[in-house]
Structure formats: C-alpha cells, structure tokens
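*Asks:* Below are the sequence and a predicted model; questions follow.
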Amino acid sequence: MTENQTDPALDELLCFDLYAAQHAFGRLYKPLLAPLELTYPQYLVMRTLWANGAQSVGEIGRRLKLETNTVTPLLKRLETQGRVMRVRDPADERRVLVSLTDDGAALEADARHVPDRIFAATGLDRGEALELQARLRKLVARIDATG
C-alpha cells in the first residue's frame, strides 16, 4: 500500500482519525513552540495560567482533562525553567497552588501569534472551526458520560 492509499481497517475507526489529527496538530505546533522552549502540553498549562491566573494543580488538571500525576511533571519542568512557581496553599496544605513568574507572564507576548498561525494552517473558516469544536466537545461529553 502506498502512502496515499488508506487502510480500510483504520478507516473504520473514528479514534484513528482523531489520533491522526492530534499528530497533525503536533507537527504544526512544534516549530512554533520550539523558540519558546515549550512542549505542547507545557503550552496548554501556560495558556490556562495566562487566561485564568493562579490555580491549584487540580484545577489545571481539570481544565486540561489530565490527571494530577500527568500535570505535576509538566509543572516541575516549567518551574525549573523559571516560568511558574508552586507553593502549598496555606489554607489547605494538600493543595499546591501554581502561579506565573514574571518570566512566565512575559512569555505570553511571545506566544500571541501561535493560535492565529495554527488556525490559518487548518484552512477552516470561523464557522467550520466552531462547528467542529462543538461536535468534538459533544463527543467528549458523551464519552465521559459513559464512564
């Protein structure tokens, strides 16, 4: 089978198309995030902090739909880079609060071009993108509801 041919066994799987789309987005993001020294998951963490300010590790995980044990290593690397700071919540020592450092906050200006460049690369118009997002969110909600 050549590269342009499809695999009927995979063509039947919706999850494969989503997997392939995820990897295609990864290829788009990589050269845009490399100068910022961010991986895509780190970029998502930074975006949620830029948009929402300081949050607990659990809140970040919920926003990104990731488990705490996945978020924590991302935060440790961002902290090592001097972009975030983690401190125990004085009101509840079980909670760890994450906030941006000055360097982390300043990085937002350097990353402002990323969403527009990614959107342009999709070739979708605004309506198509909103429709696709709505369908994907509905799909995730349905899958989550099945537990």
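*Replies:* All right, it came through fine. Numbering: from 1, shown residues only.
*Asks:* which other residues reach the helix or strand containing Leu78?
*Replies:* Assigned by DSSP states H and E, Leu78 belongs to helix 68-80. Helix 68-80 is touched from outside by 41-42, 45-46, 57-58, 60-61, 64, 84-86, 98, 104, with contacts defined as Cβ atoms under 8 Å, 6 or more residues apart in numbering. Heads up, the C-betas are built off the backbone N, CA and C, glycines and all.
*Asks:* In helices only, show me the residues you listed.
*Replies:* Here DSSP state H is the test, and these give 41-42, 45-46, 57-58, 60-61, 64, 104 as lying in helices.
*Asks:* Tell me which two of those residues sit farthest apart.
*Replies:* Largest separation among the ones in helices among the contacts of helix 68-80 by Cβ to Cβ: Gly58 and Gly104, giving 19.5 Å.
*Asks:* More neighbours: which of these two?
*Replies:* For Gly58 and Gly104, the more surrounded residue by other Cβ atoms under 10 Å is Gly104, and the numbers stand at 21 against 14.
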